[in-house]
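> Predicted coordinates and the sequence they were generated for:
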Amino acid sequence: MQVGFLCYNGKFYSSGDPIFTADNRSFRYGDGCFETMRVHQGEVVLSDLHFERLLASLNLMHFDIPSHFTKAFFLRQITDLCHKNNLTHMARVRFSVFRADGGLYEPVNNIPSYLIQAWELSNSVLELNENGLLLDIFPDARKTSDKFSSIKSNNCLPYVMGAMYSKQHGFNEVLLLNQYGRVADSTIANVFMVHHKTIYTPPLSEGCVCGVMRKHLLQSELPFKIEEKPLTIEDLENADEIFLTNAIQGIRWVGLFRDSSYGNATAAILHEVLFDGKV
């Protein structure tokens, strides 16, 4: 449930106030990108990686980035919004950016507008899931592998349809494949597998979103070797473990993928190493 206020282009509005016109380009074309962040006790977790990705996405999408679009500027607005909504312990924040109104496919200009929303977040997101996820494949869409596929785009149709398919078929989550029939990511997470004590995840060239938690794992000193490599369905079926990562829920382990079952020994150790510090 949306709490009392949101922030639109630096001003606070009641969440029930109309703020968009019918010409909004995110509504019309999905012309923009977003970040989903966890705020814990007033601090945006992994803020450096979130804003690194946000600025990289805006540059890829040819936005004219104003000089005041700095990490400090946005962190202040996020924390002010959380405070205004009395979200003092933990919150889920969505930071959406979209091109200014006007034009058809070709925009009138490349000036960014932004919207910040915040919701209360339960402590349960800091806990490793007790029961393994039931995972399968979404068969009706393929992700392309191009320079834009790593962006958290406002155009989310494959993920929306994948999430609907997952719910309709009784799965906890589904994988999206790329045009080569290999693993890209899931509807809300990056994919990792463990085989012979080495952890593998698809490289960005396979079409996955450039996940913040994914990047954090790849950059961290961990008690396991992590490598990027293309993953096939057969690779997952023969894996020792599969787990999914995102910025909100951290690590979630998979118990069943098709006819293969998995444990969570590696995921449990990673969770303890990374999230005892509330990362």
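Great, that's in hand. Here the structure is a predicted model, which is why all the values come from computation and not from measurement.
> all helices for this protein, in order.
Here the chain has its helices, by DSSP state H, at 25-29, 47-60, 71-84, 157-168, 212-219, 233-237, 265-275.
> Show me how far the last one is from its chain's centre.
Relative to its parent chain, helix 265-275 has a centroid offset of 20 Å by CA atoms, centre = their mean, to the nearest Å.
> which other helices and strands contact that helix?
Counting by 3 or more CB pairs under 8 Å, 6 or more residues apart in numbering; DSSP states H and E, the packing neighbours recorded for helix 265-275 are helix 212-219, strand 241-246, strand 250-257. Every C-beta, even on glycine, is put in place using the N, C-alpha and C of the backbone.
> Could you list every helix and strand in contact with the first one?
So the one you mean is helix 212-219. helix 47-60, strand 190-195, strand 198-201, strand 225-228, strand 241-246, helix 265-275.
> quick one: which of these has the weakest pLDDT on average?
Here the lowest mean pLDDT among the helices and strands packed on helix 212-219 goes to helix 265-275, at a mean of 92.
> quick one: it to strand 190-195, angle?
Helix 265-275 and strand 190-195 are oriented at 130 degrees to each other (axes from the mean of the first three to the mean of the last three CA atoms, to 10 degrees).
> if we can go back for a sec, can I get the helices and strands packed on helix 212-219 in CSV including distance to residue 82 and mean neighbour count?
Shown next, in CSV, are those (distance: least, CB to CB, whole Å; neighbours: other CB atoms under 10 Å):
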stretch, distance to residue 82, mean neighbour count
helix 47-60, 13, 18
strand 190-195, 26, 23
strand 198-201, 31, 20
strand 225-228, 32, 13
strand 241-246, 20, 25
helix 265-275, 20, 18
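> right, and these - which one's nearest residue 10?
helix 47-60 (16.0 Å; CB to CB).
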